[in-house]
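Chemist: Pasted the sequence and its predicted model underneath.
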Amino acid sequence: MNNFLFLGGDMRSLHAAKRLGERYDCFVYGVAETESIHAPVLREITKFKSLVLPLPACADGLNINAPYSKTPIPISVIPEAVYSGGTVYCGKSCPALEKICTENNLSLIDYFEREELAVMNAIPTSEGCLEIIMREKPQTIFGSSVLLTGFGRISKVLGKLLIALGAKVTVTARKYSDLAWAEISGCETIHLSKLDDMLEKFDTIINTIPAPILDTDRLKMLKPDCLVVDLASKACVPNLENAKKEGVNIIRALSLPGKTSPVTAGYIIADTIMNILALSSETAESGDTNV
C-alpha cells in the first residue's frame, strides 16, 4: 500500500492531501496548525514511499516552498522523507531538486508537466482573472472590448467565459493556426504584427504570452483607463515604471488557482497524481516499459 507525505506547500497541498487521502494514507509536514483537519500533521519528518512537493516546489533552489512553516525546509531533507527507490512528485522541478533525487535513487515526476493538470488549471485561472476584472473595472464585462494575447489553454477557456458574459473578444497571436481556432470559437482576430492598429479600442487586455509585448510605445496607445491583467510567467511590460507614468493599471496575476480556488486546485493536483499511479499500474501489468 502506497503512502504519501506532503512536504510544505500552501492550501492547494492541504486539499490535495485530503483528496488523495480518500484512497491512500497521507500525512503533511510544514503547515499551519489550524489546517490539520485536512490530513494528519507530523511533528518530525519520517520516511514514506512517496513524497509530494508543492507547486512550485522550490523557488530559490535551496528550500521547499513552505509558506506555512515556521522555519525553512531545505531540499536537503528530501532523502529523510522518502525511501531509496521511492517517488518524489513535484510541481515545476529545478536542477537542485533533480540532482538530489538522482543522487539518492529517487524517481522524480513533475505533475505540472501533465496536460490534464494544465488544462484543468486553466479553469480556476480564468475565473480568478474574471474576478480581477470585475473588481478593478467600473463597468460590466458585458459590452466591454477585451483583447486576449495568445490562444493557449487559458485563453481558450477565458474566451468562452468572456463571450458568455457578453464581452466583445479579440484574440491576437503569432500563429495563424491559433487565430483560426480563435475565430472558430467566436472571437475576432488580429495578427500580432498588426496589433498597433487596434490597441486603442480595448477596455481590458489579458496577456498570456510570456514576452514583453507592451513596450513604451504601445503603452501610449492604450486607453487611459485600460486594465492590463498579466497572467504570463514573464511580464508583458518590460518597465512597470513607464506603465505607471502612462497611467496604465497593470496587475501581475500569477498562481491564481492557489489564491482564488485552492480547493479545486488541490483536487486537480491529487487527481493528476492518481492518474499517474493508474498509468504506472497499467504499465506494470502489461509489462510495457515504453509507456
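Modeler: Here it is on my side, so go on. Numbers count the residues shown, from 1 in each chain.
Chemist: Sketch out the low-pLDDT regions of the stretch 151-291 of the chain for me.
Modeler: Low-confidence segments of the stretch 151-291 of the chain (pLDDT under 70): 281-291.
Chemist: can you give me the strands in it?
Modeler: Under the criterion DSSP state E, counting those that start in this stretch, the stretch 151-291 of the chain carries strands at the ranges 168-173, 188-191, 204-207, 227-230, 249-252.
Chemist: The first one: how far from the chain's middle?
Modeler: Averaged C-alpha coordinates place strand 168-173 at 22 Å from its chain's average position (Cα atoms, centre = their mean, to the nearest Å).
Chemist: do stretch 188-208 as well
Modeler: On the basis of Cα atoms, centre = their mean, stretch 188-208 is displaced by 24 Å from the centre of the chain it belongs to.
Chemist: Stretch 227-235 now?
Modeler: On Cα atoms, centre = their mean, the centre of stretch 227-235 falls 13 Å from that of its chain.
Chemist: and if you look at stretch 94-110?
Modeler: The chain centre lies 22 Å from the centre of stretch 94-110; the measure is Cα atoms, centre = their mean.
Chemist: mind listing what's buried in that stretch?
Modeler: Along stretch 94-110, the positions that meet the burial threshold by neighbour count (16 or more other Cβ atoms under 10 Å) are Cys94, Ala96, Leu97, Ile100, Cys101, Asn104, Leu106, Leu108, Ile109, Asp110. All C-beta spots, glycine's among them, are computed from the backbone N, C-alpha and C.
Chemist: try stretch 76-84
Modeler: Taking 16+ other Cβ under 10 Å as the neighbour-count basis, stretch 76-84 is seen to contain the buried residues Val77, Ile78, Pro79, Ala81, Val82.
Chemist: start to end distance for that stretch?
Modeler: Between the opening and closing residues of stretch 76-84 we find a distance of 14 Å, counting by Cα to Cα, to the nearest Å.
Chemist: what's the average pLDDT for that stretch?
Modeler: Throughout stretch 76-84, pLDDT has a mean value of 95.
Chemist: which residues sit against it?
Modeler: Where contact means Cβ atoms under 8 Å, 6 or more residues apart in numbering, the residues beyond stretch 76-84 that reach it are 5, 7, 29, 45-51, 64, 88, 97, 100-101, 104-106.
Chemist: if we can go back for a sec, need the buried residues of stretch 94-110 in TSV (columns: distance to Thr170, secondary structure and pLDDT).
Modeler: Written out in TSV, the entries for the buried residues of stretch 94-110 read as follows (distance: Cβ to Cβ, whole Å; DSSP: H, G, I helix; E, B strand; the rest coil; pLDDT from 0 to 100):
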residue	distance to Thr170	secondary structure	pLDDT
Cys94	37	coil	91
Ala96	42	helix	93
Leu97	40	helix	94
Ile100	46	helix	95
Cys101	45	helix	96
Asn104	51	coil	96
Leu106	47	coil	97
Leu108	41	strand	97
Ile109	39	strand	97
Asp110	34	strand	97
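Chemist: Output these as a markdown table; include the columns distance to Asn249.
Modeler: Putting the buried residues of stretch 94-110 into a markdown table (distance: Cβ to Cβ, whole Å) gives the following:
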| residue | distance to Asn249 |
| --- | --- |
| Cys94 | 33 |
| Ala96 | 37 |
| Leu97 | 37 |
| Ile100 | 42 |
| Cys101 | 43 |
| Asn104 | 48 |
| Leu106 | 45 |
| Leu108 | 40 |
| Ile109 | 40 |
| Asp110 | 35 |
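Chemist: hey, where'd the helices end up in the stretch 51-200 of the chain?
Modeler: 78-81, 95-103, 115-136, 153-164, 176-184 (DSSP state H, counting those that start in this stretch).
Chemist: Now the last one: buried residues?
Modeler: To tie it back to what came earlier, the one meant is helix 176-184. Going by neighbour count (16+ other Cβ under 10 Å), the buried part of helix 176-184 is Asp178, Leu179, Trp181, Ala182.
Chemist: Now for the residues you listed: which two are most distant?
Modeler: Using Cβ to Cβ, these span at most 7.4 Å, a distance reached by Leu179 and Trp181.
Chemist: So which of the buried residues of helix 176-184 is the closest to Cys236?
Modeler: Using Cβ to Cβ, Asp178 comes nearest to Cys236 of the buried residues of helix 176-184, at 16.8 Å.
Chemist: The nearest residue to the closest one once chain neighbours are set aside and Lys70: what is the separation?
Modeler: Distances taken as Cβ to Cβ, 6 or more residues apart in numbering put Phe151 closest to Asp178, at 4.0 Å, once the chain neighbours are dropped. Here the distance between Phe151 and Lys70 works out to 43 Å (Cβ to Cβ, to the nearest Å).
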